[in-house]
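Undergrad: Sequence and computational prediction follow.
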Amino acid sequence: MIDLSNVSKTFNLHNQGGAVIEVLSNVSLSVAAGECVALTGASGAGKSTLMRMIYGNYLTHSGEIRIGGVDLVQAEPRDVITLRREVLGYVSQFLRVVPRVPTLEVVAEPLRALGASVETAEARARALLSQLNISEPLWHLSPTTFSGGEQQRVNIARRFAHAYPAMLLDEPTASLDAANRDVVLTLIEEAKARGAAIIGIFHDEAARRRVCDREIDVSRFATGMAA
Amino acid sequence: MTPLLSVQGITKRYGAHIGCADVSFDLYPGEVMGIVGESGSGKSTLLNCMAGHLTPDAGEVVFDTRAEGPRDTVRMSEPERRMLSRTDWAFVHQHARDGLRMGVSAGGNVGERLMAVGARRYGDIRDKASDWLERVEIDAARIDDRPTTFSGGMQQRLQIARNLVTGPRLVFMDEPTGGLDVSVQARLLDLLRGLVRDMGLSAIIVTHDLAVVRLLADRLMVMKSGHVVEAGLTDQVLDDPQHAYSQLLVSSVLQV
Amino acid sequence: MTDYNFAYLDEQTKRMIRRAILKGLAIPGYQVPFASREMPMPYGWGTGGVQVSAAVLTPEDRFKVIDQGADDTTNAVSIRTFFERTAGVKTTTKTTDASVIQTRHRIPEEPLTEGQILVYQVPIPEPLRFLEPRESETRKMHSLEEYGLMHVKLYEDISRHGHIATSYAYPVKVEGHYVMDPSPIPKFDNPKLGDMAAIQLFGAGREQRIYALPPYTEVVSLDFDDHPFEASKADHPCGLCGAEDSYLDEVIVDDAGGRMFVCSDTDYCEARQAAGHRGKDAA
């Protein structure tokens, strides 16, 4: 489902003395449907960079990143947008939303973008928000004022609303209490069970052991000049 | 798939000074493209060339018309182009007073485009106007009030209603949130995003506000001194800018 | 005889104005710019109408002037006298006898005939003016027939008053193209503009515009399907001649608020009275 071959990444910082920083080189990896793979390695090894390259918000200069048959490296912006809408879900560490939009709408949005009716999308959003223990009075408020843990759960609910065939999870259980951590891990298990291919970064070792089928140490792709 | 708008080699000079130079891109149905750059970078010149307010010195602006398929709007006759800008195109000005008739009621402002394309039933025009006021979150009871009695945010929303009432397919926006309070900006952004999604609109948004394009635009073009220096997916250009100028632009934004 | 050239204006000026008139007749409803001259009367007193009359008058003509329908108001009397002195033409108050009629704000009740010329005094020729102040833009709107704005004006009327409250200078569309301001005639007169046997010429002196309707031109008053145009008048018969079909002026007759309605067209009223018609207030 997710196939990377010979992917490399350098940053060229024009305004900082033209520094050229080579972060990753020759990354090749493959994740099958129903599989969850953890990216490991010390902080700064390039885990998040790789994740962002797979999502397409970091530009990849060489190699191939194929997701469901589409090569992200060559794809036109509109193909990437379609891919993100239909195929590839990304739970980032931070929630980024239009201020003042109520939580319920934030969570329902990915389904609305796929053409679901307001009713269908909001029904799904309600189910997820309850499952993630966001109390109902908060649903009609903007999540911008929520605590870190609440924001993270809204972020997760939003990305699990649609059954993406491929998912990227960046620290999905960080800053969550035990009960909510368990809910999130259950969601990940359910996604695997329905055949999603998942790549995740988990600092939480127990979580990693519970949901991940194997680990890839990103340090082995690092070039020693990692940012 | 045919692009809704295909811009090819648009160049506009002001004497020896370059307004914009050799700009080309395709915009597909449902896409929102942001154009960013500092003041004087040529982004407004480009927008005005595309919208037919300025005649470019060179280049084509090919629009996929409903009746006849792709047509170069630069070489179209003026009546045809003006008809297009009343029906399939919309233009949202930075200052609402440039896009509204301040001496005409809110209902009359919204109804004008309908009447311009031949609506002749007062009752229907009024119903549609109230419906659109509600859609842009203006109390329909204010239908007979003049925009001079509206706040800046309301005026901007009224301008949007006036533009969208005829169901355009392409909306040009020139700094649509400029000059508004931050809280009002957020409301407007949310409204625009919803309208773009629900009506399947394509839009080109010129702004210097990177937060606006991050929330509204699928794609981004960065302009400097009349040239496009970088283009791509919005979050890719903002998170991993390649060109020196884009890097400077992104790193110059104050973090809140 | 007089020291002035015939009809006051010099021949070159008259030729220039006639060219503008001919162009106006060729493009019904189109506003033709012309080099309006200083006239020996203030702007707003009919300088446009006077120049047009001067350009079309011939020594054989019989000239009539009405001001709001009346032959005997100051404005009508002075313009009539002006042409008696400068052109030596015969004048009349009878609509049927006149070959050239200059009017301010009315069309005579008596249907005009072929060979007659009706000259209107126009204060503001541009019907789009109050909605779009830019002349460059209104000209473009006329040439491209972009008249949505005209209906915005009527829309505003209905939204404010519940009906189209514009009662004079009511905009019309000429031969399916130009929207025209018929000068401040009451909308009661609008139906007479269309299909008229006489030539209608419109002169705006201060604004330097001439426009025209040749005989038998199609003229349609703008409206909405659900708010159709209505030619309205006061719902009374004339107090003097009893006419039920003429446009009426309301006249206060005493200090107790007593009032009567009389024909605004004095010639029409007098002709009816001479034929024996009597209204309820007739002495």
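TA: That came in fine, so what should we check first?

Undergrad: neighbours around B:Ala96, how many?
TA: The number of residues packed near B:Ala96 is 24, by other C-beta atoms under 10 Å in any protein chain shown. C-beta here means a position set from N, CA and C on the backbone, and glycine is covered the same way.

Undergrad: And for A:Asn57?
TA: The number of residues packed near A:Asn57 is 21, by other C-beta under 10 Å.

Undergrad: helix or strand for the spatially closest residue to it that is not a sequence neighbour, which one?
TA: Nearest residue to A:Asn57, sequence neighbours excluded (C-beta to C-beta, 6 or more residues apart in numbering or on different chains): B:Asp235, at 4.1 Å. B:Asp235 is located in helix B:234-239, with elements delineated by DSSP states H and E.

Undergrad: My read is that B:Thr73 contacts B:Leu84, right?
TA: Yes. B:Thr73 is within contact range of B:Leu84, at 6.6 Å (criterion: C-beta atoms under 8 Å).

Undergrad: per-residue confidence for the residue nearest to A:Asn57?
TA: Looking at B:Asp235, its pLDDT reads 91.

Undergrad: Could you look up the SS state of C:Ile21?
TA: Classification of C:Ile21 using DSSP: H, G, I helix; E, B strand; the rest coil returns helix.

Undergrad: Show the contacting residues for residue 78.
TA: No chain was given, so I picked chain A. Under the criterion of C-beta atoms under 8 Å, 6 or more residues apart in numbering or on different chains, the neighbours of A:Arg78 are B:28, B:31, B:218-219.

Undergrad: nope, chain B
TA: C:Leu144.

Undergrad: try it again with 10 Å
TA: B:52, C:140, C:143-144 (C-beta atoms under 10 Å, 6 or more residues apart in numbering or on different chains).

Undergrad: Can you say which of these are buried?
TA: Among these, those classed as buried by 16 or more other C-beta atoms under 10 Å in any protein chain shown are B:Gly52.

Undergrad: which stretches of the stretch 1-150 of chain C have low pLDDT?
TA: For the stretch 1-150 of chain C, applying pLDDT under 70 flags the ranges C:1-2.

Undergrad: Show me which residues of stretch C:207-226 are buried.
TA: Buried residues in stretch C:207-226 (16+ other C-beta under 10 Å): C:207-215, C:217, C:219-224.

Undergrad: Surely C:Tyr211 is within a strand?
TA: Yes. With three-state DSSP as the criterion, C:Tyr211 is part of a strand.

Undergrad: Show me the beta-bridge partners of it.
TA: Bridge pairing for C:Tyr211 (DSSP bridges) gives the partners C:Phe202.

Undergrad: follow-up on the earlier one: what's next to the helix holding B:Asp235, contact-wise?
TA: A:52-53, A:55-60, A:77, A:80-81, A:84, A:96, B:32-34, B:36, B:210-211, B:213-222, B:230-233, B:242-243, B:246, B:249-250, B:253.

Undergrad: Now intersect those residues with the strands, please.
TA: The members of the contacts of helix B:234-239 that map onto strands under DSSP state E are B:32-34, B:36, B:219-222, B:230-233.

Undergrad: Quick one: those as JSON lines, columns for distance to chain A too.
TA: Formatted as JSON lines, the ones in strands among the contacts of helix B:234-239 follow (distance: C-beta to the nearest C-beta, whole Å):
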{"residue": "B:Val32", "distance to chain A": "10"}
{"residue": "B:Met33", "distance to chain A": "9"}
{"residue": "B:Gly34", "distance to chain A": "12"}
{"residue": "B:Val36", "distance to chain A": "15"}
{"residue": "B:Arg219", "distance to chain A": "5"}
{"residue": "B:Leu220", "distance to chain A": "9"}
{"residue": "B:Met221", "distance to chain A": "11"}
{"residue": "B:Val222", "distance to chain A": "13"}
{"residue": "B:Glu230", "distance to chain A": "10"}
{"residue": "B:Ala231", "distance to chain A": "8"}
{"residue": "B:Gly232", "distance to chain A": "6"}
{"residue": "B:Leu233", "distance to chain A": "5"}
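
Undergrad: Output those as CSV; include the columns distance to C:Ile252 and neighbour count.
TA: CSV is the format used below for the ones in strands among the contacts of helix B:234-239 (distance: C-beta to C-beta, whole Å; neighbours: other C-beta atoms under 10 Å in any protein chain shown):
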residue, distance to C:Ile252, neighbour count
B:Val32, 66, 24
B:Met33, 68, 24
B:Gly34, 68, 27
B:Val36, 69, 27
B:Arg219, 72, 25
B:Leu220, 72, 26
B:Met221, 71, 24
B:Val222, 74, 28
B:Glu230, 78, 20
B:Ala231, 76, 20
B:Gly232, 78, 22
B:Leu233, 77, 24
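
Undergrad: Out of those, which is nearest to chain C?
TA: Nearest to chain C, judged by C-beta to the nearest C-beta, of the ones in strands among the contacts of helix B:234-239 is B:Val32 at 28.3 Å.

Undergrad: longest helix of chain A?
TA: The helix spanning the most residues in chain A, taking DSSP state H as the definition, is helix A:178-193.

Undergrad: How about chain B?
TA: Ordering each helix of chain B by length in residues (DSSP H) puts helix B:182-199 first.

Undergrad: Return the set of buried residues in it.
TA: B:184-196.

Undergrad: Return the residues in contact with the closest residue to chain A within the stretch 51-200 of chain B.
TA: Ranked by C-beta to the nearest C-beta, the top residue of the stretch 51-200 of chain B for proximity to chain A is B:Ala186, at 3.9 Å. Residues near B:Ala186 by C-beta under 10 Å, 6+ apart: A:97-101, A:142, A:144, B:177, B:180, B:211, B:215.

Undergrad: Farthest-apart pair in the residues you listed, please.
TA: Pairwise distances across those (C-beta to C-beta) peak at 19.0 Å, for the pair A:Val97 and B:Leu180.

Undergrad: In the chain, what residue spans correspond to strands?
TA: Just going to use chain A. Using DSSP E, strands in chain A cover A:2-13, A:19-31, A:36-40, A:62-67, A:70-71, A:88-91, A:166-170, A:197-201, A:214-217.

Undergrad: could you do chain B instead?
TA: So, for chain B - with DSSP E - the strands run B:5-14, B:17-27, B:32-36, B:58-65, B:69-72, B:89-92, B:170-174, B:202-206, B:219-224, B:227-233.

Undergrad: Restricted to strands, list the contacts of B:Glu78.
TA: Per DSSP E, these never map to strands.

Undergrad: Just the closest of the contacts of B:Glu78 to chain A, please.
TA: B:Gly52 (24.8 Å).

Undergrad: doesn't B:Phe91 make contact with the closest one?
TA: Yes. B:Gly52 lies in contact with B:Phe91 (C-beta atoms under 10 Å); the separation is 9.2 Å.
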